[in-house]
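In: Sequence plus the predicted model coming up.
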Amino acid sequence: GSHRGLPVTAIITMTLDQLEEAAGVATTATGGRIPVSDALKMAEKTRPWLAIFDHAGRPLHLGRASRLASGEQRLILIPFDRGCTKPRCDKPPTLCAVHHPEEWADDGKTDIENETFACDGCHALITKTETGWQTIKADDDHEYPGRTLWIPPKHIDPEQKPRINHCHHPEELLDRAIEAAIEAANESEDDDP
């Protein structure tokens, strides 16, 4: 069988450290979590694919030969986006379509740098109207380079401030909370006599 153009496959994401240590928790394409040891047992009799990311965690390249994303592109988006990129949406990759932030009709390429996940409901919100959402990719200077930023219509946010979905990347919020706690602790030490 197939699902959104891919053969039915167990897709599991883990870091190199988790693989080397055979410990930790891996993530499935549906957003589930399994012990790395179980993931490695599942992989023993399969044909593994290796996805490589740059130092900022961004996947590497493809082209404009086709409007539709290839199976390989969908596979590389799974560990990068981890699901729908619209803020507060928790839909996993298996319920998402591949969206071009720079629209195909406007000469947007079907390159991995111009692809992102959007579930069917959120994808329908992206329109070139006053009430539609817009999407762009964060540039290299952004806190989260390569991630998809969603720009709300003016009736939702008159300033149209770009937003990012942390739902599938909870470690980002955890890292931010840890940094704030460390900073607060350092400030309170400075205030003590």
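Out: Yep, it's here.
In: so what's the spatially most central residue of the chain up against?
Out: The residue lying closest to the centre of the chain (Cα atoms, centre = their mean) is Asp81, at 1.2 Å. Applying Cβ atoms under 8 Å, 6 or more residues apart in numbering to Asp81 gives the contacts 93, 96, 116-117, 148, 168. From N, CA and C alone the C-beta is placed, and that goes for glycine too.
In: quick one: which of those has the most company?
Out: The most neighbours of any of the contacts of Asp81, using other Cβ atoms under 10 Å, belong to Phe117, which has 29 neighbours.
In: wouldn't that residue be in contact with His100 here?
Out: No. Phe117 is not in contact with His100 according to Cβ atoms under 8 Å; the separation is 11.7 Å.
In: about what we covered before: which of the contacts of Asp81 fall within strands?
Out: 96, 116-117, 148 (DSSP state E).
In: For the protein, which segments count as strands?
Out: Assigned by DSSP E, the chain shows strands spanning 2-3, 6-7, 12-13, 25-28, 33-35, 96-99, 116-119, 134-137, 148-151.
In: Just say which of these is most tucked in.
Out: Across the strands of the chain, the average number of neighbours (mean count of other Cβ atoms under 10 Å) peaks for strand 116-119, which reaches a mean of 26.
In: Please export the C-alpha coordinates of it as CSV.
Out: Provided in CSV are the C-alpha atoms of strand 116-119 (Å, rounded to 0.1, in the frame of the first residue of the first chain):
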residue,chain,number,x,y,z
THR,A,116,7.2,22.5,4.3
PHE,A,117,4.4,20.5,5.8
ALA,A,118,0.8,21.8,6.2
CYS,A,119,-2.1,19.6,7.1
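In: Show me what that strand packs onto, helices and strands only.
Out: Contacting strand 116-119 under the criterion 3 or more Cβ pairs under 8 Å, 6 or more residues apart in numbering; DSSP states H and E are the following elements: helix 71-81, strand 96-99, strand 134-137.
In: re the thing from before, let me have the strands of the chain in JSON lines, adding mean pLDDT and distance to Lys41 as columns.
Out: Compiled in JSON lines, these are given as follows (pLDDT from 0 to 100; distance: least, Cβ to Cβ, whole Å):
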{"stretch": "strand 2-3", "mean pLDDT": "64", "distance to Lys41": "23"}
{"stretch": "strand 6-7", "mean pLDDT": "63", "distance to Lys41": "21"}
{"stretch": "strand 12-13", "mean pLDDT": "79", "distance to Lys41": "11"}
{"stretch": "strand 25-28", "mean pLDDT": "84", "distance to Lys41": "11"}
{"stretch": "strand 33-35", "mean pLDDT": "88", "distance to Lys41": "9"}
{"stretch": "strand 96-99", "mean pLDDT": "92", "distance to Lys41": "28"}
{"stretch": "strand 116-119", "mean pLDDT": "96", "distance to Lys41": "28"}
{"stretch": "strand 134-137", "mean pLDDT": "95", "distance to Lys41": "37"}
{"stretch": "strand 148-151", "mean pLDDT": "97", "distance to Lys41": "34"}
